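Engineer: Following is a predicted model, sequence given first.
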Amino acid sequence: MASGPEPTPSRATIVDVATAAGVSRQTVSNAVNHPDRVAPGTLQRVHREIERLGFRPNAAAQQLRRRKTSAYGFELNPSGAGRVGHVLDRFLLELTVAAPAHGCHVVTFAPQPPNPMTGYERILTSGLVDGFILGDTVHGDPRPAWLLQHDVPFVTFGRIWDEPHMGRWVDVDGQAGMRLAVAHLLEQGYTSVAYLGYPAGSALGDDRRAGWLAGLADAGLADSARDAETVEDLTAATTAADRLLEGLGRDGAILCASDLLALGVLRAARNRDLQPGRDLGVVGFDDSDLAEVVQLTSVRQPLQEAAAEAWRIVHAKGTDLSLTALLTPTLAARQSSSRHPQSRGT
């Protein structure tokens, strides 16, 4: 006895087939377009219902799926955080500048809460893009798994923290940057290096904190570690920095997880009549435009190189670790970490 609804004069749809076979629409789509992804028993059942119902995939829709647009979507500010000099703004600029050399262009779109995948699904089904370039990767990020499930090309700027053995990412080595900054501050004559970072649990923040600790260990100063936590907010960072300055002394320095946190340190130092560079070393991370304006030493991310690697990876197939790029940052040294000879009495 045949299962499911009987054929009707109207043209059968993918929903009819899915209902008759007791599977999802995605499974029917996979059975037609990617049969290797469907279990043999399920594949046989789906094709039996396709034949019984006389289902014929829409040729125009299939062509739309196959058509290449050479465009890749980029979600603006996916974390929802309004941050000063956000590094993703400059990464997007470098992506856009580099795109023509790779025969591509970038399509930006806004987040659509509460479901983080809504915007991705809408722009994908519109046929505007071939894939996506992701920013602000975090623990529990649903985007990589969803894109893999739907066979959508992508690359992330930032590691896929929950899948350490998975490729398709480009990132900057935050630990190496922090070790570089610690070494710089000690070379400048500061005798201790404290740290102002994010609360524990932030993948990026934990990585940068580990680099600071490694830098202290390199110098034999692991026992002197002093740190404070704060969120990415200038007022909160100033308050946390003020607490950290207690007992630090005029030969100390503070290394920060971002330029915005470093601005909080500069404000707290000013309130205590401390001059950055002469009395206190301060280093940020990201080398934002504002860092140059206020003469803040900062770890600089190689964003032009990151954009080039992102275009290389997004066009490649697979998820192995060959499709990764961990880039080495540099240090943009400025007045906030420069102890001039006259300040040391020489």
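Structural biologist: Now that the structure is in, tell me what you want to look at.
Engineer: low-scoring stretches of the stretch 51-200 of the chain, by residue?
Structural biologist: 57-67, 78-85 (pLDDT under 70).
Engineer: Try it again at 50.
Structural biologist: Within the stretch 51-200 of the chain, the stretches with pLDDT under 50 are 59-60, 62-64, 80, 82.
Engineer: Spell out, range by range, the strands that occur in it.
Structural biologist: 71-75, 105-109, 131-134, 154-157, 169-172, 192-197 (DSSP state E, counting those that start in this stretch).
Engineer: Reformat those as CSV; add distance to residue 209 and mean neighbour count.
Structural biologist: In this view, the C-beta of every residue, glycine as well, is placed from N, C-alpha and C. Converted to CSV, those look like this (distance: least, CB to CB, whole Å; neighbours: other CB atoms under 10 Å):
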stretch, distance to residue 209, mean neighbour count
strand 71-75, 27, 21
strand 105-109, 32, 15
strand 131-134, 23, 23
strand 154-157, 20, 25
strand 169-172, 16, 25
strand 192-197, 5, 24
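Engineer: Now render the ones you listed as CSV, adding distance to residue 251.
Structural biologist: Compiled in CSV, the strands of the stretch 51-200 of the chain are given as follows (distance: least, CB to CB, whole Å):
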stretch, distance to residue 251
strand 71-75, 44
strand 105-109, 47
strand 131-134, 43
strand 154-157, 37
strand 169-172, 30
strand 192-197, 7
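Engineer: so residue 181 sits right up against residue 256, yeah?
Structural biologist: No - in this structure residue 181 lies outside contact range of residue 256 using CB atoms under 8 Å: 9.2 Å.
Engineer: what is in contact with the two at once?
Structural biologist: The contact sets of residue 181 and residue 256 overlap at 283, 285 (CB atoms under 8 Å, 6 or more residues apart in numbering).
Engineer: ok so, going back, closest one to residue 301 among the strands of the stretch 51-200 of the chain?
Structural biologist: The closest of the strands of the stretch 51-200 of the chain to residue 301 is strand 169-172. By CB to CB, the value is 4.5 Å.
Engineer: How far away from the center of its chain is the closest one?
Structural biologist: Relative to its parent chain, strand 169-172 has a centroid offset of 8 Å by CA atoms, centre = their mean, to the nearest Å.
Engineer: same for that strand, what does it pack against?
Structural biologist: Using 3 or more CB pairs under 8 Å, 6 or more residues apart in numbering; DSSP states H and E, the elements in contact with strand 169-172 are strand 154-157, helix 303-314, strand 324-327.
Engineer: in stretch 274-288, what counts as buried?
Structural biologist: Within stretch 274-288, the residues scored as buried using 16 or more other CB atoms under 10 Å are 274, 276-277, 279-288.
Engineer: and what of stretch 228-244?
Structural biologist: By neighbour count on 16+ other CB under 10 Å, the buried set for stretch 228-244 is 228-230, 232-233, 237-242, 244.
Engineer: Now the residue sitting nearest the centre point of the chain: phi and psi?
Structural biologist: Nearest residue to the geometric centre of the chain (CA atoms, centre = their mean): residue 136, 3.0 Å. Dihedral angles of residue 136 (phi, psi; degrees, to the nearest 10) stand at phi 50, psi 50.
Engineer: do you know how far it is from residue 34?
Structural biologist: Look at residue 136 and residue 34: by CB to CB, to the nearest Å, they are 30 Å apart.
Engineer: which residues are contacting the longest helix anywhere in the chain?
Structural biologist: For the chain, the longest helix by residue count, based on DSSP state H, is helix 203-218. Here helix 203-218 makes contact (CB under 8 Å, 6+ apart) with 137-139, 158-159, 161, 174-183, 193, 195, 197-200, 222, 224-225, 227, 255, 257, 285.
Engineer: which of the residues you listed count as buried?
Structural biologist: So, by 16+ other CB under 10 Å, the buried ones in the contacts of helix 203-218 are 137, 158-159, 161, 174-182, 193, 195, 197-198, 227, 255, 257, 285.
Engineer: Out of the residues you listed, list just those in helices.
Structural biologist: Those of those mapping onto helices are 174-182, per DSSP H.
Engineer: Same list, those, but as JSON lines with distance to residue 268 please.
Structural biologist: Shown next, in JSON lines, are those (distance: CB to CB, whole Å):
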{"residue": "174", "distance to residue 268": "24"}
{"residue": "175", "distance to residue 268": "26"}
{"residue": "176", "distance to residue 268": "28"}
{"residue": "177", "distance to residue 268": "23"}
{"residue": "178", "distance to residue 268": "21"}
{"residue": "179", "distance to residue 268": "25"}
{"residue": "180", "distance to residue 268": "24"}
{"residue": "181", "distance to residue 268": "19"}
{"residue": "182", "distance to residue 268": "20"}
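Engineer: so residue 239 is in which element?
Structural biologist: Secondary structure assignment for residue 239, by DSSP states H and E: helix 234-245.
Engineer: Ignore what I typed, I meant residue 253.
Structural biologist: Using DSSP H and E, residue 253 falls in strand 252-256.
Engineer: So in that sheet, which strands flank that strand, and in what orientation?
Structural biologist: strand 192-197 (parallel), strand 281-285 (parallel) (DSSP bridges).
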